[in-house]
Each structure stands twice: as structure tokens, then as C-alpha cells.
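Enquirer: Build the 3D model from these lines:
(2 chains)
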Amino acid sequence: MAKLKMDKTNIIDFSGVTFGFPEQATLFTNLSLSIQKGAFYLIKGPSGAGKTTFLRLINRLEEPVSGIIRFKGKPLDAYPPPQLRHSLLLIQQTPTVVDGSVEENLLLPFSFKNNSHLKRPRQEKIERLLAEIHLQDVRMNDHAMTLSVGQIQRLCLVRGLLLSPEILLLDEPTSALDRESAFAVTTLLERLNVESGLTVLAVTHKKQDRGNVTYRGLEVHHGHVEECP
Amino acid sequence: MKLDRYILLLILLILWQVLCSLEIIPTNLLPSPFHIILGLKDLLIIGMPPGHFLPNHILYSLYRVTLGFLAAALLGIPLGLLLGWSPRLRRITNPLVELVRPIPPLAWIPIAILWFGIGMKSAAFIIFLGAFFPILLNTVSGVLTIDPIYFEVAQTLNAKRKDIFFKVLVPGAVPSIFVGLRIGVGIGWMTLVAAEFTGVRTGYGLGYMIMTARDIQRPDEILAGMLVIGLIGYLINGGLRLCEKKIVRWRN
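Expert: Numbers count the residues shown, from 1 in each chain, chains lettered A, B, ... in the order given. As a prediction, this is how the structure comes out:
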């Protein structure tokens, strides 16, 4: 599989970003860093260091106390939130599905008015993605809440991918998965990164021992986020 | 069908019948189950007062309860959803709700008669008051107990506030709404008899029927009327549970 030429431009820029929750110690102080388009970042760091908050800042679920975060050169607040969230999709660590079938859950975002301009994915595309992460046995009319946590976690990933984001922000995407399923998820993400140039930022505790893509590391600790090998 | 859950009921009925037959229990105060069945037959064939048959009493009572209960549900559910959704609205309305809620529905009877006169409206209003607060408060609590992660996930998937309200908040509150409906209809049904004691003059209604039976010293028909009230309450609760099962699918 030929790798596409990686676009080296920065897609996200943090400039002097400071953030802290009210009545708590400051989490990030004067944070400045850039995220490269088309790169695959693994975010590491001790518990409570702010890995999740870092992703939430990019998705505007949290706002910096000071400093600016830019997406494609423009401050995040210059974009209407729906447009921003469509481009920078966050998939939370807690896999969450609503009371309904697998199909209803996968297509839920397409029932939202903000996504009405998006084309509904074809059945084959959904089935291909599900099969890629070993969910081929899950039927569309199965009730989502009867699936295992690991299956729901993968279902949430597919639900997000169907929206075709530019940047995927993943908070522990394989935390509930066994080794084989985690491997399948990593393979899918690598494929999308290589073939479609999807920028991935994934918080993970698991060691990445594969070599299909060049991973970049981000270490979150003591109020800083730094590139690491 | 598992019949073991009816064993205790059956034993008590047999014991009751035996104690009455041996005249240990005075039947002029507590008629035997057999006499109650005969009373039920009289209510069906002769009527209480004569010519006012049981099915008509049931229909009138059901009509009043349905009216009061529907009004309570139509007002209580949307209001509960809004109060659950908006902390500000909740803060503003809380003192009023907490002040009015503890007033027993029966305490409203005199003012209800003044406002609506003796009749259908007055009885339905009392039933409405009995059903409204359980429905309202359970709906609010249903919204408040939805895990915030649902709202956040919807937000990250680009949902508008309207989408979040209708596609996350409402379905998330449904199980609790049903608890409110079941408690509400139960209290409404319980309030019915008292509402019909005083607030009815049509000559129909289970409460009215029981009061007339008391006036002419027919404890068997009083108890038969009570039995009918219990049975209908049981069936209504069962019906709501069935609806709940159909709507809240993942619990099945």
C-alpha cells in the first residue's frame, strides 16, 4: 500500500494557552505547540495530567483561560461550533449509545439538523468499517445496549468515522478492547491515516509496537505538552 | 403463568371465609368473601342505587380519572422536561412546587367545589392534583439522572440544542416518566373515591356508589365496590407497565 505524501502544514496551533478548572490548580501554563496535518499522534502522560482536557480544548468543550488555539490558522472561536465539531471529532472514553438499534445509533448524527447537509453513508461502507474492526457479527437491528462494552466502544468509533472528520480526537479508543480487537482498531486508524490523510490524536496507555505509520508522541505532564519520541 | 404468587392471597381468602362461616368475624361489619361476590352480583344486576348499574359507575369513574390524569400528564411531562432542562427555571419554580405539593388533594375539595361546582370538573380537578405532582417530579428527576456524557456525546456529534432535547433528553427521561405516570394514576385513582364522595351529583361513580351503599347499610356492596376499585387500579398499572415495555425497549 503506497503511502500518500504527507502534508507538513500545521493544522492546530496552541499559542500561550493557559487552562485550569475553577478553584483548582492550573492544568496548562502558557502552552504553545503545533499539530501537523496528516500525522498520527499518541498522547501519553500520567493520570490526571490533562490528556483528556487537552483533547477537549481542541474540541471547544473547554475554553482556555488565556491564549489562542487555531485551526487552519484561524482561532477556534472564529468557526461556528457545528462546523468545527464536524472537522475535529472527539470520541469520548466512555462508550455511549442511545436506546435503539445498532443502525439507529450509527445513523444518529445524521438525524441532527446540523448534519442534514451530510450524505448518509452507504450500507456497504458501514459494513466494511464494522468488519474491519471485527464487528461483522453485529447485526444492524441488534439492540445497541445489549452489546458488550468493547463492541459499543468500536461502534462509537465507526459512528464518528461515518461523519468523515478531518481530525480524530480519541480518548483511550482501545481501553475496553482485547488484544485482537485493539489491533484491528489500530490497523483501521492507520489505514485511514495513510490513505485519507486523517489526522489522529489518540490518548493511550498502551504501547504502540507497530510500524505501518510514523507515530509522533506527545507527553502531557506538569502543565506542559511536549513532543516526545 | 406462575401461580405461586397468588398462594398467600388464596390462603387469606379461605381463612377469612372460614372465620366468617364460624361467626368469629361479625358479618354485618365484615362480610365474607362469598357475600362480597353476591354483593358484586347485586351491583351488576340490581344496581346501587337500584337501576344504577356497576358498569356505568365504572365508566363514569374511569372518565373522571382519565380526564384528570390526562390533564396532569399533558401538563406535568412537558413542564417536568423543561424544569429538568433549565436549572434557572427549576430554581424559580421550586418554592412554589414545594409549597403546593404537600397540600393533600382532598384538602382542595372545598375550593374545587367553589370554583367548579359539584360535578365532573370538580372531581377531575382533584384527580388532576393527585396525579400532577408525581408525574412532574419524576419527569424532572428522570432528566436530572441522565448521565451528562449523553449530552456531551450529542454535542460532539454536532447536535443542536433542539436535537439534544428531543433525541437525548426526552428518551433518557422516559423510564422515569413512566414511574411518574404509574404513581400518578395510582394516586389519581385513590383520590377518585374521595372526590366522588363530595364532588359528584350525577348519580354515577364508584365513590358515589360506595357512599350510597353505606347509607343503606350494605357492607357487602361497599366491599365489592372497593374490590372493583382495587382491580381496576391493578389493571391500569399493568397496562402502563406494558406500554413501558414497548417503549423502553432495551429493558426487555
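
Enquirer: how about the helices of chain A, start to end?
Expert: For chain A, applying DSSP state H gives helices covering A:51-58, A:81-87, A:102-107, A:123-132, A:149-161, A:179-196.

Enquirer: Pull out the buried positions in the last one.
Expert: Right, helix A:179-196. By 16 or more other CB atoms under 10 Å in any protein chain shown, the buried positions in helix A:179-196 come out as A:181-182, A:184-186, A:188-190, A:192-194. Every C-beta, even on glycine, is put in place using the N, C-alpha and C of the backbone.

Enquirer: Next: the shortest one.
Expert: Buried residues in helix A:102-107, counting neighbours by 16+ other CB under 10 Å, are found at A:102, A:104-107.

Enquirer: quick one on the thing from earlier: save the buried residues of helix A:179-196 as CSV, and put in pLDDT too.
Expert: Listed next are the buried residues of helix A:179-196 as CSV, based on pLDDT from 0 to 100:
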residue, pLDDT
A:181, 90
A:182, 90
A:184, 91
A:185, 92
A:186, 91
A:188, 92
A:189, 93
A:190, 92
A:192, 93
A:193, 93
A:194, 91
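
Enquirer: The residues you listed: which two are farthest apart?
Expert: A:181 and A:194 (20.5 Å; CB to CB).

Enquirer: and residue 33, how many neighbours?
Expert: Since no chain was named, I'll use chain A. A total of 16 residues lie near residue A:33 under the criterion other CB atoms under 10 Å in any protein chain shown.

Enquirer: right idea, wrong chain: chain B
Expert: Applying other CB under 10 Å, I find that residue B:33 has 15 neighbouring residues.

Enquirer: same thing with residue B:72?
Expert: 27.

Enquirer: Correct me if wrong: it contacts residue B:183.
Expert: No: applying CB atoms under 8 Å as the test, residue B:72 and residue B:183 come out as separate, 11.0 Å apart.

Enquirer: What distance do you get for residue B:145 to chain A?
Expert: 14 Å (CB to the nearest CB, to the nearest Å).

Enquirer: same thing with residue B:67?
Expert: 31 Å.

Enquirer: how close does that residue sit to residue B:139?
Expert: According to CB to CB, to the nearest Å, residue B:67 and residue B:139 sit 20 Å apart.

Enquirer: So for those two, which sits in the more crowded spot?
Expert: Neighbours of residue B:67 and residue B:139, each counted by other CB under 10 Å, are more numerous for residue B:139; the result is 29 against 18.

Enquirer: which parts of the helix or strand where that one lies are buried?
Expert: Using DSSP states H and E, residue B:139 sits within helix B:120-144. Buried residues in helix B:120-144, counted by 16+ other CB under 10 Å: B:120-143.

Enquirer: From the contact counts, what lies against it?
Expert: Applying 3 or more CB pairs under 8 Å, 6 or more residues apart in numbering or on different chains; DSSP states H and E, one finds that helix B:120-144 contacts helix B:54-85, helix B:87-100, helix B:109-116, helix B:170-198.

Enquirer: isn't residue A:176 right up against residue A:151?
Expert: No: judged on CB under 8 Å, residue A:176 makes no contact with residue A:151 at a distance of 9.0 Å.

Enquirer: more neighbours, these two?
Expert: The neighbour comparison of residue A:176 against residue A:151 (other CB under 10 Å) goes to residue A:151, with 24 against 18.

Enquirer: now chain A, which segments are flagged as low pLDDT?
Expert: A:1-8, A:206-212 (pLDDT under 70).

Enquirer: Can you name the residues of it sitting close to chain B?
Expert: With CB under 8 Å from any CB of the partner chain as the criterion, chain A comes near chain B at residues A:59, A:61, A:82, A:85-86, A:89-92, A:94, A:96, A:98-100, A:108-109, A:111-115, A:143-146, A:156, A:159-160, A:163.

Enquirer: How about the residues of the stretch 151-252 of chain B by chain A?
Expert: B:152-160, B:162-163, B:167-168, B:171, B:174, B:248-250.

Enquirer: Can you get me the start-to-end distance on stretch A:135-152?
Expert: This stretch, stretch A:135-152, spans 10 Å end to end (CA to CA, to the nearest Å).

Enquirer: In it, which residues are buried?
Expert: Going by neighbour count (16+ other CB under 10 Å), the buried part of stretch A:135-152 is A:135, A:138, A:143-144, A:147, A:150-152.

Enquirer: can you list contacts of it?
Expert: Contacts with stretch A:135-152, where a contact means CB atoms under 8 Å, 6 or more residues apart in numbering or on different chains, come from A:95-105, A:126-127, A:130, A:154-155, A:158, A:176-178, A:181, B:249-250.

Enquirer: Narrow the residues you listed to those that are buried.
Expert: By 16+ other CB under 10 Å, these give A:95-102, A:104-105, A:126, A:130, A:154-155, A:158, A:176-177, A:181 as buried.

Enquirer: what about residue A:204, how many residues close to it?
Expert: 19.

Enquirer: Enumerate every residue touching it.
Expert: Contacts of residue A:204 (CB under 8 Å, 6+ apart): A:42-44, A:172-174.

Enquirer: From these, pick the one nearest residue B:39.
Expert: residue A:172 (67.9 Å).

Enquirer: and that closest one, what is it in contact with?
Expert: A:93, A:203-205.

Enquirer: For the residue nearest to residue A:67 when sequence neighbours are not counted, give the beta-bridge partners.
Expert: The shortest distance from residue A:67 to any residue other than its chain neighbours is 3.5 Å, reached at residue A:17 (CB to CB, 6 or more residues apart in numbering or on different chains). Here residue A:17 sits in beta bridges with residue A:31, going by DSSP bridges.
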